[in-house]
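[1] sequence plus predicted model, see below.
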Amino acid sequence: MNTIQKLSISTFALFIIMSSCKKDEVIVKEAVKTETVKDLAADPTSVSTSGQPTSTGKYTFYSFKNGIIANTDSATLKWDVAFKATTILTNGGTSGIGQGGASVLSGIFDEVKTIPSTSTFVQDSKTAYAIPTGSGKGWYNYDGANNLISPIAGKVLLIKTADGKYAKMEILSYYKGSPVSPTSSSVSRYFTFRYVYQPDGTQLFN
């Protein structure tokens with residue numbers, strides 16, 4: 001058998017082995033992530049030496065995939081939402097360099113299996129946030145008489161992430177420790193929320 005024939009047989013054998021390996025490859029799909037976050041600080045206030053409440057004015061940045069993100073990464077695609085007091089930013093529009101946006105849906109969190117075809121995602125702008133602020137406009141109601149913030153039951157926040165993936169989120173509490181019946185003395189600006197994050201780019205949450 002000459003050298004050319006040997007090379008041809010070896011090449012063919014290698015092709016068969018490589019083809020077999022490719023057939024045996026298993027593509028592992030990243031699972032949908034379901035998580036509840038407790039007491040995420042959203043620029044909580046403290047009392048200064050003068051006796052006046054103060055805060056840092058800084059946002060807490062969060063990635064549905066990786067958790068809390070350092071403030072130094074605020075100008076990156078590493079975060080999806082950011083929290084400060086009652087304001088929630090998305091990583092898009094005037095708030096970030098990502099594809100982020102949001103749509104506020106009325107519905108039961110566990111029953112939202114996919115993003116409705118009627119949902120429209122908007123981005124933060126100079127005049128309004130994708131997740132509206134103000135009592136009754138977005139995720140909360142404000143009780144002025146008792147100075148209390150209460151999440152609106154049946155409000156699901158549909159989020160488009162910085163890299164164009166999707167998540168659904170529900171705010172459960174605005175107070176540290178998630179008291180069932182918060183009072184004016186409850187420590188505020190601590191978010192407890194749950195979410196489902198779909199990492200494969202589809203709009204399905206199961």
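    Great, that's in hand. Please read these numbers as outputs of a predicted model, since none were measured by experiment.
[2] residues contacting the spatially most central residue of the chain?
    In the chain, the residue lying closest to the centroid (CA atoms, centre = their mean) is Phe64, at 4.3 Å. Counting by CB atoms under 8 Å, 6 or more residues apart in numbering, Phe64 makes contact with Lys33, Asp80, Val81, Ile159, Thr161, Lys165, Ala167, Tyr195, Tyr197. Where you see a C-beta, it was placed from the backbone N, CA and C, and this is true even at glycine.
[3] only whichever of those are buried, select them in ChimeraX.
    The buried residues among the contacts of Phe64 can be selected in ChimeraX (16 or more other CB atoms under 10 Å) with this line:
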select :80,81,159,161,165,167,195,197
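[4] among the contacts of Phe64, which are located in strands?
    Per DSSP state E, strands hold the following members of the contacts of Phe64: Lys33, Val81, Ile159, Ala167, Tyr195, Tyr197.
[5] low pLDDT regions in the chain?
    Applying pLDDT under 70 to the chain flags residues 1-27, 47-53.
[6] what segments of it are strands?
    Ranges of strands within the chain are 33-41, 46-47, 53-54, 60-63, 67-69, 81-84, 87-90, 101-106, 140-143, 148-151, 155-160, 166-175, 188-198, based on DSSP E.
[7] tell me the strands beside the last one, with direction?
    Strand 188-198 sits in its sheet next to strand 33-41 (antiparallel), strand 166-175 (antiparallel), going by DSSP bridges.
[8] I'd like to know which of those lies nearest to Phe191.
    In terms of CB to CB, the element of the strands paired with strand 188-198 nearest to Phe191 is strand 33-41, at 4.5 Å.
[9] output that closest one as PDB, nothing but the C-alphas.
    What follows is strand 33-41, C-alpha atoms only, in PDB (Å, rounded to 0.1, in the frame of the first residue of the first chain):
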ATOM      1  CA  LYS A  33     -34.100  30.600  36.700                       C
ATOM      2  CA  THR A  34     -36.600  31.100  39.400                       C
ATOM      3  CA  GLU A  35     -35.600  33.100  42.500                       C
ATOM      4  CA  THR A  36     -36.800  35.200  45.400                       C
ATOM      5  CA  VAL A  37     -34.600  38.100  46.500                       C
ATOM      6  CA  LYS A  38     -35.000  39.300  50.000                       C
ATOM      7  CA  ASP A  39     -34.200  42.700  51.500                       C
ATOM      8  CA  LEU A  40     -32.200  44.200  48.500                       C
ATOM      9  CA  ALA A  41     -31.100  47.600  49.700                       C
END
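[10] for Tyr197, give its distance to Ala167.
    Distance from Tyr197 to Ala167, counting by CB to CB, to the nearest Å: 4 Å.
[11] which residues touch the nearest residue to Thr60 once chain neighbours are set aside?
    Leaving aside its chain neighbours, Thr60 sits nearest to Phe83 (4.9 Å; criterion: CB to CB, 6 or more residues apart in numbering). Neighbour list for Phe83: Leu40, Ala42, Asp43, Tyr59, Thr60, Tyr62, Leu89, Phe191 [criterion: CB under 8 Å, 6+ apart].
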